[in-house]
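Undergrad: what would the 3D arrangement of this be:
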Amino acid sequence: MKTIRLIPNWVDGQEFVPSTQDVIKKINPHSGLVDTEFFASSADDVRRAVGKADAAFPAWSGMTPVARGKIIGEWVQLMRECQQDLADIIAREAGKPPQDAISEVQGAIAQGDYFAGEGMRLYGRSMTSGMPNKYSHTVRQAHGVAGLIVPANTPIANIAWKVFPALICGNTVVLKASEDAPEIAIRMARLASQAGLPRGVLNVVQGSGEPTGKALVEDPRVAVISFTGSTAVGRWIAEVAGRRLARVSLELGGKNAFLVCDDADLDAAVQWASLSAFSNAGQRCAAGSRILVMNEVYEVFVEKLVAKVRSLKLGVDAGCDIGPVMNLRQQTTILAAIVRAKAAGGRLLCGGKVPDGQLFQNGSYVEPTLIDQLPDGAELHALEIFGPVATIGRVRDLEHALKVVNASEYGLTSAIHTSSVDRAMWFAQRVRAGLVNINIGTYGSEPHMPFGGFGASGNGTREPGVEALDVYSELKNISFLVRDNMI
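TA: Prediction:
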């Protein structure tokens with residue numbers, strides 16, 4: 001009989017068993033079997049973790065940024081040495097093919113390298129003054145306790161995007177692990193401890209959004225909150241944390257447009273459209289789930305894309321293209337949205353159901369799905385599906401495409417495929433999206449690049465890149481006056 005591992009919290013530099021004895025089962029999204037169990041942390045458990053982070057803040061923020069960067073660098077080196085172990089956890093918890101899991105770990109390592117190096121920069125600036133003999137400069141200082149809430153679509157990357165910049169700025173952290181990826185968060189905390197991160201600087205709490213996440217957001221000692229997830233939850237966090245004027249960073253939903261012009265390289269556009277819509281089983285806030293194609297090339301492009309999508313291999317073995325979605329609840333939501341789209345007049349080009357075969361029956365698989373001929377106001381044009389489903393629609397020209405794209409409440413990412421520099425720059429300057437890619441996919445942020453969106457896709461903050469420092473630090477202006485009679 002298989003022994004089910006019980007995943008604890010991590011508080012004050014050690015494993016901690018929460019006060020509640022309630023546990024939540026973590027289901028493997030490929031097999032449908034119980035993989036692990038984790039504690040459903042209570043509000044008291046969260047308050048304990050915040051208290052330890054608060055107590056550790058003076059010493060951690062008092063260290064030089066260079067010293068903090070050295071510890072993060074040691075942590076990243078440990079990640080590099082055990083990257084296969086980390087990838088194995090991710091592959092199992094998130095249902096990813098092995099090449100996708102190891103790629104994600106390598107991305108998290110690159111993120112850590114970048115922010116470890118930021119300890120030797122963490123720049124302020126010097127300024128002139130209108131007052132004679134007055135000298136002025138700015139410095140960055142930490143907020144205090146950072147409450148970080150991450151999803152499980154790219155679990156270790158999401159942790160890296162938030163934890164590393166929060167720590168290099170001098171904050172201490174309480175990380176609310178995703179219910180669908182509890183083990184990778186604890187593994188990262190153990191590595192941090194091995195690297196010499198002081199006790200209490202990084203704490204991990206397991207549990208559901210309520211009460212665990214809710215308690216973290218509501219705790220008055222949490223000075224900065226960073227959340228990646230749904231727009232509905234983001235609005236609630238902004239309201240609750242806003243009452244006490246906490247710093248809040250929200251990276252929310254997207255309904256990202258992938259535009260194919262009549263002068264595009266169609267084979268390249270097909271490849272990038274497939275990756276944008278279906279890599280990571282479509283579980284990207286940056287997924288290109290709304291494909292727009294100019295009339296002149298519509299039929300040819302659709303034929304090529306359908307053929308490409310039908311060639312994609314499902315499963316979690318090496319070489320597979322698409323794994324399962326995160327859980328059965330999400331699978332049910334996606335399949336119901338497809339049914340509604342068909343009822344609204346959509347034409348199913350491919351996919352639309354659980355794949356055939358015993359291998360896929362117990363997990364949470366959805367076939368990669370393409371739907372066209374939906375009316376303009378159809379739900380699926382606006383709904384962030386967070387799964388392997390994309391709509392395809394016709395546009396007359398560039399102005400029509402821009403109008404369609406900018407009508408969305410979201411504005412996270414977008415892509416345009418064209419051979420015209422003029423067209424590309426015209427669109428890029430006018431589209432309401434935080435990231436615009438030309439002749440590539442709708443995703444692709446790197447550690448030194450800011451990521452975030454317009455409208456309902458966020459609250460205007462950007463992570464990662466140097467812009468993340470503005471989330472996790474306060475700017476202080478220091479001025480002093482030099483006396484004339486010193487010489």
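
Undergrad: following the host helix or strand of residue 391, which helix or strand comes up?
TA: Using DSSP states H and E, residue 391 maps to strand 389-395. As assigned by DSSP H and E, the chain's next helix or strand after strand 389-395 is helix 398-406.

Undergrad: which elements pack onto that next one?
TA: strand 257-260, strand 290-294, strand 389-395, helix 421-430 (3 or more C-beta pairs under 8 Å, 6 or more residues apart in numbering; DSSP states H and E). The C-beta positions use only the backbone N, C-alpha and C, and glycine is treated the same way.

Undergrad: any chance of a markdown table for these, columns mean pLDDT?
TA: What follows is those, written out as a markdown table (pLDDT from 0 to 100):
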| stretch | mean pLDDT |
| --- | --- |
| strand 257-260 | 98 |
| strand 290-294 | 98 |
| strand 389-395 | 97 |
| helix 421-430 | 97 |
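
Undergrad: out of these, which is closest to residue 278?
TA: strand 389-395 (7.6 Å; C-beta to C-beta).

Undergrad: can you give me the angle that closest one makes with helix 398-406?
TA: 150 degrees (axes from the mean of the first three to the mean of the last three C-alpha atoms, to 10 degrees).

Undergrad: quick one, strand 389-395 and strand 290-294 angle?
TA: 30 degrees.

Undergrad: note down every partner strand of strand 389-395 and its orientation.
TA: Sheet pairing for strand 389-395, assigned by DSSP bridges, gives strand 290-294 (parallel), strand 369-372 (parallel).

Undergrad: now do it: distance to the chain's middle.
TA: Offset of strand 389-395 from its chain centre (C-alpha atoms, centre = their mean, to the nearest Å): 24 Å.

Undergrad: could you do stretch 226-233 as well?
TA: 10 Å.

Undergrad: one more: stretch 420-435?
TA: The answer for stretch 420-435 is 24 Å, by C-alpha atoms, centre = their mean.

Undergrad: how about it: buried residues?
TA: 423, 424, 426, 427, 431, 432, 433, 434, 435 (16 or more other C-beta atoms under 10 Å).

Undergrad: distance of the most centrally placed residue in the chain from residue 409?
TA: Centroid check for the chain by C-alpha atoms, centre = their mean gives residue 158 as the closest residue, at 5.0 Å. Per C-beta to C-beta, to the nearest Å, residue 158 is found 23 Å from residue 409.

Undergrad: residue 136 now?
TA: From residue 136 over to residue 409 (counting by C-beta to C-beta), the distance is 42 Å.

Undergrad: repeat that for residue 305.
TA: Applying C-beta to C-beta to residue 305 and residue 409 gives a distance of 26 Å.

Undergrad: quick one: which of these two has more around it?
TA: residue 305 (25 against 12; other C-beta atoms under 10 Å).

Undergrad: ramachandran angles for the closest residue to that one other than its chain neighbours?
TA: The shortest distance from residue 305 to any non-neighbouring residue, by C-beta to C-beta, 6 or more residues apart in numbering, is to residue 270 (5.1 Å). The phi and psi values for residue 270, taken as degrees, to the nearest 10, are phi -60, psi -50.

Undergrad: check contacts around residue 270.
TA: By C-beta atoms under 8 Å, 6 or more residues apart in numbering, the contact set of residue 270 is 301, 304, 305, 308.

Undergrad: my read: the second one touches residue 264, true?
TA: Just to be clear, that refers to residue 304. No: counting by C-beta atoms under 8 Å, residue 304 does not reach residue 264; the two are 11.4 Å apart.

Undergrad: looking at those two, which has the bigger crowd around it?
TA: Higher neighbour count among residue 304 and residue 264: residue 264, with 23 against 18, using other C-beta under 10 Å.

Undergrad: helix/strand/coil for that one?
TA: At residue 264 the chain is in coil, as set by DSSP: H, G, I helix; E, B strand; the rest coil.

Undergrad: state the distance from it to residue 279.
TA: If you go by C-beta to C-beta, the gap between residue 264 and residue 279 works out to 20 Å.

Undergrad: quick check: residue 121 is in a strand.
TA: No: per three-state DSSP, residue 121 lies outside any strand segment and is coil.

Undergrad: quick one: the helices in the stretch 101-250 of the chain?
TA: Assigned by DSSP state H, counting those that start in this stretch, the helices in the stretch 101-250 of the chain fall at 155-168, 182-194, 214-218, 231-242.

Undergrad: show me what the shortest one is packed up against.
TA: In this case it means helix 214-218. helix 43-62, strand 145-149, strand 222-228, helix 231-242.

Undergrad: repeat that for 10 Å
TA: In terms of contacts (3 or more C-beta pairs under 10 Å, 6 or more residues apart in numbering; DSSP states H and E), helix 214-218 is packed against helix 43-62, strand 145-149, strand 172-176, strand 222-228, helix 231-242.

Undergrad: in that helix, what counts as buried?
TA: Going by 16+ other C-beta under 10 Å, helix 214-218 has these buried residues: 214, 215, 216, 217, 218.

Undergrad: quick one: residues contacting the first one.
TA: Spelled out, that is residue 214. Shown in contact with residue 214 (C-beta atoms under 10 Å, 6 or more residues apart in numbering): 43, 46, 176, 207, 208, 233, 236, 237, 240.

Undergrad: what secondary structure does the nearest residue to residue 194 once chain neighbours are set aside sit in?
TA: Nearest residue to residue 194, sequence neighbours excluded (C-beta to C-beta, 6+ apart): residue 78, at 5.9 Å. Residue 78 carries the three-state label helix when classified by three-state DSSP.

Undergrad: if I look at residue 78, how far off is residue 296?
TA: Per C-beta to C-beta, residue 78 is found 54 Å from residue 296.

Undergrad: check residue 189 too.
TA: Taking C-beta to C-beta, one finds residue 189 at 54 Å from residue 296.

Undergrad: higher neighbour count, these two?
TA: residue 189 (25 against 13).

Undergrad: right, and the more buried one touches residue 167 too?
TA: No: using C-beta atoms under 10 Å, residue 189 makes no contact with residue 167, being 12.0 Å away.

Undergrad: who touches both of those two?
TA: Between them, residue 189 and residue 167 share the contacting residues 173, 197, 202, judged by C-beta under 10 Å, 6+ apart.

Undergrad: how about those residues in TSV, adding pLDDT?
TA: Converted to TSV, these look like this (pLDDT from 0 to 100):
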residue	pLDDT
173	98
197	98
202	98
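
Undergrad: in this structure, where is pLDDT below threshold?
TA: 1-2, 485-487 (pLDDT under 70).

Undergrad: okay, now the domains of it?
TA: Domain assignment for the chain by automatic domain parsing gives 5-252+458-476, 257-438.

Undergrad: need those domains in CSV (columns: distance to residue 483).
TA: Below are the domains of the chain laid out as CSV (distance: least, C-beta to C-beta, whole Å):
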stretch, distance to residue 483
domain 5-252+458-476, 7
domain 257-438, 48
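
Undergrad: which ones are touching the nearest residue to residue 240 once chain neighbours are set aside?
TA: Leaving aside its sequence neighbours, residue 240 sits nearest to residue 217 (C-beta to C-beta, 6+ apart; 5.4 Å). Taking C-beta under 10 Å, 6+ apart, we find residue 217 in contact with 46, 147, 149, 176, 209, 225, 227, 233, 236-241, 246, 248.

Undergrad: ok, residue 300 next?
TA: 266, 270, 293.

Undergrad: go again using 8 Å as the cut-off
TA: For residue 300, the contact set (C-beta under 8 Å, 6+ apart) comprises residue 266.

Undergrad: same deal with residue 228?
TA: Counted by C-beta under 8 Å, 6+ apart, residue 228 has contacts 149, 150, 151, 158, 161, 162, 251, 252, 285.
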